[in-house]
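Visitor: Coordinates for the following, if possible.
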Amino acid sequence: MAQMIHLICDYAPGDLAWAEVYSAFVRNVSEGTRLHLTGVPPFDTVATGFVLNQLATGDPSLRPKDILIFANTAPRKDNPRARVDNEGEGLLYVTLKNGINVVAVNSGYSLSFVKEQIQELWSTNCEDKGSQFRSRDFFPQIVGMAEKGEFSFLNHKLDPKETVPEAPMSVIGYVDSFGNIKTTIRQQDEWVRELSEGDRIKIRIGSRIRTATVATGSFNIMEGDLAFAPGSSGHDNRFWELFKRGGSAWLDFGQPANGTGIEIMLA
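Guide: Here you go, the predicted model:
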């Protein structure tokens with residue numbers, strides 16, 4: 001039995017959809033299992049995958065001993081044609097090399113950031129059509145079974161290399177509530193290791209170009225300056241972030257969407 005289920009969903013806490021889904025989860029999981037929601041923007045599988053990686057990997061002493069993660073972003077973009085009976089992407093079951101179990105909709109980049117950590121990947125016999133609101137009507141039953149260790153819902157074993165796309169490089173991965181832009185650029189990326197603290201760089205996101213200082217953290221720059229530095233996400237191979245001390249880097253760049261490309265040039 002899982003002590004906690006992390007729910008990563010593209011609807012916001014307090015929304016009617018979340019209220020109905022939460023009720024369905026409480027009905028299907030073991031009494032005493034904690035539920036926690038992390039919201040991402042609608043249809044945003046880049047942010048879903050970024051959040052999943054952060055919650056599923058890293059120091060085990062910083063999370064409950066037994067957790068299950070449910071990643072539920074289903075933009076129904078796997079087939080551009082009209083959908084029959086509200087058909088959507090299928091539901092997958094994942095076991096990571098560190099023992100964390102994941103139930104995730106097979107959509108976009110939802111599993112891309114943990115692709116190299118996947119031990120086993122399974123399709124499931126969860127209904128993929130018949131309801132506009134699968135998050136309420138079908139998915140909680142499957143998650144509840146997984147949380148209890150009942151795996152009769154497993155269908156076929158899949159190859160992660162063929163099923164899961166690679167994570168996008170040099171894009172916005174996630175924007176936090178402070179307006180810090182978490183990128184998918186990692187500390188061990190070869191080209192970024194050439195940067196030194198104090199370097200001045202130009203950064204293009206969309207149509208906007210801003211000058212930033214390469215730093216070791218968000219507070220070793222002057223108030224109002226923009227910094228490019230390894231952030232708090234990514235664990236042993238941290239993701240670089242754009243911070244604006246005392247402000248919002250995201251607003252500075254015109255509120256770009258997750259997945260927007262990032263170009264970096266020496267100033």
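Visitor: which stretch of helix or strand covers Met145?
Guide: helix 139-148 (DSSP states H and E).
Visitor: Can you give the contact residues for that helix?
Guide: 1-2, 5, 21, 24-25, 27-30, 33, 68, 70, 72, 91, 93, 101, 103, 124, 126, 151-153 (CB atoms under 8 Å, 6 or more residues apart in numbering). Using the backbone N, CA and C atoms, a C-beta is placed for each residue, glycine as well.
Visitor: Tell me the helix or strand right after it.
Guide: Following helix 139-148 toward the C-terminus (DSSP H and E): strand 154-158.
Visitor: for that following strand, which positions count as buried?
Guide: Of the residues in strand 154-158, Leu158 count as buried by neighbour count, 16 or more other CB atoms under 10 Å.
Visitor: Relative to the whole chain's centre, how far out is it?
Guide: Remark: strand 154-158 is offset 23 Å from the chain centroid, using CA atoms, centre = their mean, to the nearest Å.
Visitor: Export only the CA atoms of it, formatted as PDB.
Guide: Provided in PDB are the C-alpha atoms of strand 154-158 (Å, rounded to 0.1, in the frame of the first residue of the first chain):
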ATOM      1  CA  LEU A 154      -1.700  -5.100 -16.800                       C
ATOM      2  CA  ASN A 155      -1.900  -6.000 -20.500                       C
ATOM      3  CA  HIS A 156       1.300  -6.100 -22.700                       C
ATOM      4  CA  LYS A 157       4.900  -5.300 -21.800                       C
ATOM      5  CA  LEU A 158       6.300  -2.500 -24.000                       C
END
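Visitor: mind listing the helices for this structure?
Guide: In the chain, the helices defined using DSSP state H lie at 16-28, 45-56, 134-137, 139-148, 160-163, 249-252.
Visitor: what about the longest one, distance to the chain center?
Guide: On the basis of CA atoms, centre = their mean, helix 16-28 is displaced by 21 Å from the centre of the chain it belongs to.
Visitor: Also stretch 24-36?
Guide: Using CA atoms, centre = their mean, the offset of stretch 24-36 from its chain centre is 22 Å.
Visitor: cool, stretch 204-218 as well?
Guide: Remark: stretch 204-218 is offset 23 Å from the chain centroid, using CA atoms, centre = their mean.
Visitor: Enumerate every residue touching Ser233.
Guide: For Ser233, counting by CB under 8 Å, 6+ apart, the contacting residues are Phe50, Gln54, Gly173, Tyr174, Lys182, Phe239, Glu241.
Visitor: Identify the farthest-apart pair in those.
Guide: Taking CB to CB as the measure, the contacts of Ser233 span a maximum distance of 12.6 Å, between Gln54 and Glu241.
Visitor: Which one's more surrounded, the two?
Guide: Taking neighbours as other CB atoms under 10 Å, Gln54 and Glu241 compare with Glu241 leading, 26 against 20.
Visitor: Distance of the more buried one relative to Asp189?
Guide: 14 Å (CB to CB, to the nearest Å).
Visitor: Okay, now the unreliable bits of the protein?
Guide: 76-88, 129-130, 217-220 (pLDDT under 70).
Visitor: Tell me where it has strands.
Guide: 4-9, 34-39, 67-72, 91-96, 101-105, 118-124, 154-158, 172-175, 181-186, 200-205, 208-214, 226-230, 239-244, 262-266 (DSSP state E).
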